[in-house]
Structures are given as C-alpha cells and as structure tokens.
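J.: I'd like to go over a predicted model; first the sequence, then the structure.
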Amino acid sequence: MYAFPKIIIPDDKLLEVEIYEKAGGRHQRFYIENSDLVDARVMNELIKE
C-alpha cells in the first residue's frame, strides 16, 4: 500500500501510477481520474507527523 497526501488534478488529466517488480519482468500501470481522488478517504493512521 502506498499513501500520499490527498491531491486533486484537473478533470481532463489522469494520474498515471506504475509499479515495477524488483528483479522481475512484471510491472503494473494504472490510471486514476480526478473523481477517484475526490472520492478518496483520508487514512489518518497512515500519516506520519
């Protein structure tokens, strides 16, 4: 799981996320729309102070 501060992006843009397997040939790529970010919940227990 990865966590980062809640952000928003313009509606006509996508957030591209790529995850690569260490010492392997597999990787994943997916796109997140602004509506998904707006609907995301903040998980306070994951925030370091």
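T.: Cool, the structure landed.

J.: so for the residue nearest the centre of the chain, what's the pLDDT?
T.: Among the residues of the chain, the one closest to the centroid is Val17, at 6.3 Å (CA atoms, centre = their mean). We note a pLDDT of 92 for Val17 in this prediction.

J.: so it belongs to a strand, correct?
T.: Yes - assigned with DSSP: H, G, I helix; E, B strand; the rest coil, Val17 falls within a strand.

J.: is it true that it touches Leu37?
T.: No - using CB atoms under 8 Å, Val17 is not in contact with Leu37, being 11.6 Å away. The C-beta positions use only the backbone N, C-alpha and C, and glycine is treated the same way.

J.: next, the buried residues of the helix or strand of the chain with the lowest mean pLDDT.
T.: Ranked by mean pLDDT, DSSP states H and E, the weakest helix or strand in the chain is helix 34-39, scoring a mean of 90. Using 16 or more other CB atoms under 10 Å as the test for burial, helix 34-39 gives Asn34.

J.: for it, which outside residues touch it?
T.: Contacts to helix 34-39, defined as CB atoms under 8 Å, 6 or more residues apart in numbering, come from residues Lys6, Ile7, Ile8, Ile9, Pro10, Asp11, Lys13, Leu15.
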